[in-house]
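# model this:
(2 chains)
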Number of protein chains: 2
Amino acid sequence: MSSANAIVLLSGGLDSATVLAGAVARGFACHALSFDYGQRHRAELAAARLVAAALGAREHRIVGIDLAQFGGSALTDATLAVPTQGGGPGIPLTYVPARNTVMLSLALAWAEVLGARDIFIGVNAVDYSGYPDCRPEYIKAFETMANLATKAAVEGARMHIHAPLIDLSKAQIIRSGLALGVDYSLTVSCYQADAAGRACGLCDACRLRRAGFADAGLADPTRYV
Amino acid sequence: MSSANAIVLLSGGLDSATVLAGAVARGFACHALSFDYGQRHRAELAAARLVAAALGAREHRIVGIDLAQFGGSALTDATLAVPTQGGGPGIPLTYVPARNTVMLSLALAWAEVLGARDIFIGVNAVDYSGYPDCRPEYIKAFETMANLATKAAVEGARMHIHAPLIDLSKAQIIRSGLALGVDYSLTVSCYQADAAGRACGLCDACRLRRAGFADAGLADPTRYV
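As a prediction, the model looks like this:
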């Protein structure tokens, strides 16, 4: 029996690598999808390619999409500095407007063409930096919309948006990924990694990741500058 | 008082031109958004530029997005022929997977950056060719999701997805647009217009449009090949 196709959103970071490993372990034929959305560095796209190959994705595509022309985020607007102090109130400057909605929408488009019923995304509502589109109620609402949006849904198929990390701490994510054989030295989480994929160690993403390895009592394989 | 910003999805066709005219008439500062999504011809993008200028949009942007790499539609896959017989059962081959979801998602991203609370889309559930993402329940579900997705929503703003044509016949749309001063000779609806924007007169979009002018008892200003 051939395995079912699934789309896995793959950023090249720790979380989405763990999600891909889990989806492969569940027997899905995984089609990994990354985006070149005008982010400051491309090291995470290089990491995504390595991770997709290492974990046995069936294929990996990178879709270009010009979110930077809208501006509004330190991740896509070169005139805004990436915050390195962390811990402030509210939603951080690194929030990219509607990013998960845009990415899930493109995953939905590809899913429909492939006849896939399953989309995986590595959002996390625990150590999540306060992004609104990482909350369970958001994922549920997207799934409801997706089941009205497509030809497949009209024809009776049911689309599932899987967010398997949503209730896990970073330490739990790391432990589960290691059990699945993820090599986290391949992944890049840093918002401002250098061209070689080395992390700054200072931004929110670096701090959450470093704390995750510490909380799990595990060596941090991250390559820092 | 400055007018409120709105995003208006503008394809260059008859419906979205009518929507833009209506949003301008309601006093919105309209930011028109078009997509270069790998469609077969670019005449509709040229038409969108003319329409945005003629109707007084505040600005007009065209976002490139490579839906064609997923294939699956006669509108983006050069190996599939555009149907010209019409009237068959089911969803036509010209359906582009998740297109409205992808476009509304990008409109949502721009809306958030601009602080806009209003997004206009020219979907129509009457003369609509059977696309699932043109139905009222789909638009409502997208709006619900949008109100969970964004920083603005978390901070208490309410996003509205306006689909003012959804219950109108093509003839009603044309009459309302003419009352608002829309010059339909600028618009291109045809799925396979030539480089000069001249319509084939045979595809579903041409047949619906031609019938709309006939039903309204009005002269059809469309330029046919």
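
# contacts, neighbours, all on C-alpha from now
OK.

# What residues does chain A have near chain B?
Proximity of chain A to chain B (Cα under 8 Å from any Cα of the partner chain) is limited to residues A:63-67, A:70-72, A:91, A:97-99, A:101-102, A:105-106, A:108-110, A:112-113, A:131-133, A:137-138, A:141-142, A:144-145, A:148-151, A:154.

# and if we set it to 6 Å?
Chain A has residues A:65, A:70, A:72, A:97-98, A:101-102, A:105, A:109-110, A:113, A:132-133, A:138, A:141-142, A:145, A:148-150 near chain B, with proximity defined as Cα under 6 Å from any Cα of the partner chain.

# Tell me the helix or strand right after the helix or strand of chain A with the lowest mean pLDDT.
With mean pLDDT, DSSP states H and E as the measure, the helix or strand of chain A carrying the lowest mean pLDDT is helix A:151-154 (a mean of 78). Per DSSP states H and E, helix A:151-154 leads on to strand A:160-162 as the next helix or strand towards the C-terminus.

# so what does the helix or strand that that next one is followed by touch, helix or strand wise?
Once the chain leaves strand A:160-162, the next helix or strand it forms, by DSSP H and E, is helix A:170-179. In this structure, helix A:170-179 packs against helix A:204-216, with contacts taken as 3 or more Cα pairs under 6 Å, 6 or more residues apart in numbering or on different chains; DSSP states H and E.

# mind checking how far the helix it packs on is from the chain centre?
16 Å (Cα atoms, centre = their mean, to the nearest Å).

# and stretch A:50-60, which residues are buried?
Using 16 or more other Cα atoms under 10 Å in any protein chain shown as the test for burial, stretch A:50-60 gives A:51-52, A:55-57, A:60.

# Which of those residues fall within helices?
A:51-52 (DSSP state H).

# Now for the buried residues of stretch A:50-60: which two are most distant?
Largest separation among those by Cα to Cα: A:Leu55 and A:His60, giving 11.3 Å.

# average pLDDT for the strand ranked longest in chain A?
Across chain A, the strand with the greatest residue count (assigned by DSSP state E) is strand A:29-36. On average, the pLDDT along strand A:29-36 is 94.

# mind saving the C-alpha coords of that strand as CSV?
Extracted C-alpha coordinates of strand A:29-36, given in CSV (Å, rounded to 0.1, in the frame of the first residue of the first chain):
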residue,chain,number,x,y,z
ALA,A,29,5.0,10.5,2.2
CYS,A,30,6.1,14.0,3.2
HIS,A,31,6.3,16.9,0.8
ALA,A,32,8.3,19.6,2.5
LEU,A,33,7.5,23.2,1.7
SER,A,34,9.7,26.2,2.5
PHE,A,35,9.3,29.9,1.7
ASP,A,36,11.7,32.6,0.5
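
# Excluding chain neighbours, what is closest to A:Leu106?
Counting by Cα to Cα, 6 or more residues apart in numbering or on different chains, A:Leu106 lies nearest to B:Val102, which is 6.2 Å off, once chain neighbours are set aside.

# Show the subsequent helix or strand relative to the helix or strand hosting the one you found.
Element membership for B:Val102 (DSSP H and E) is helix B:99-114. Counting by DSSP H and E, the next helix or strand C-terminal to helix B:99-114 is strand B:118-120.

# Run through who's touching the helix or strand just after that next one.
Using DSSP H and E, the helix or strand that follows strand B:118-120 in sequence is helix B:136-149. Helix B:136-149 is contacted by residues A:132-133, A:138, A:141-142, A:145, A:148, B:153, B:159, B:161 when judged by Cα atoms under 6 Å, 6 or more residues apart in numbering or on different chains.

# And helix B:136-149, how far out from the chain middle?
Centroid separation for helix B:136-149 versus its chain: 18 Å, with Cα atoms, centre = their mean.

# Average the pLDDT values over it and round to the nearest integer.
Mean per-residue pLDDT for helix B:136-149: 95.

# Flag every buried residue along that helix.
For helix B:136-149, burial by neighbour count (16+ other Cα under 10 Å) applies to B:136, B:138-149.

# Max pairwise distance over these: which two?
Pairwise distances across those (Cα to Cα) peak at 19.9 Å, for the pair B:Pro136 and B:Ala149.

# Pairing partners for the longest strand of chain A, with directions?
Using DSSP bridges, the strands paired with strand A:29-36 are strand A:5-9 (parallel), strand A:59-64 (parallel).

# what's the angle between that strand and helix A:99-114?
Orientation check (axes from the mean of the first three to the mean of the last three Cα atoms, to 10 degrees): strand A:29-36 against helix A:99-114 gives 140 degrees.

# Excluding its own residues, what touches strand A:29-36? List them.
A:3-11, A:57-64.

# what's the offset of that strand from the middle of its chain?
Centroid displacement of strand A:29-36 relative to its chain, using Cα atoms, centre = their mean, is 10 Å.

# Repeat that for stretch A:46-63.
Worked out by Cα atoms, centre = their mean, stretch A:46-63 lies 13 Å from the chain centre.

# contacts for that stretch?
For stretch A:46-63, the surrounding residues in contact (Cα under 6 Å, 6+ apart) are A:11-12, A:29-35, A:186-187.

# need those in TSV with neighbour count, can you?
Formatted as TSV, the contacts of stretch A:46-63 follow (neighbours: other Cα atoms under 10 Å in any protein chain shown):
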residue	neighbour count
A:Ser11	27
A:Gly12	25
A:Ala29	21
A:Cys30	28
A:His31	25
A:Ala32	28
A:Leu33	23
A:Ser34	21
A:Phe35	21
A:Leu186	22
A:Thr187	29
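
# Format those residues as JSON lines; extra columns: distance to A:Ala214.
Output for these, formatted as JSON lines (distance: Cα to Cα, whole Å):
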{"residue": "A:Ser11", "distance to A:Ala214": "23"}
{"residue": "A:Gly12", "distance to A:Ala214": "21"}
{"residue": "A:Ala29", "distance to A:Ala214": "33"}
{"residue": "A:Cys30", "distance to A:Ala214": "31"}
{"residue": "A:His31", "distance to A:Ala214": "32"}
{"residue": "A:Ala32", "distance to A:Ala214": "29"}
{"residue": "A:Leu33", "distance to A:Ala214": "30"}
{"residue": "A:Ser34", "distance to A:Ala214": "28"}
{"residue": "A:Phe35", "distance to A:Ala214": "30"}
{"residue": "A:Leu186", "distance to A:Ala214": "19"}
{"residue": "A:Thr187", "distance to A:Ala214": "17"}
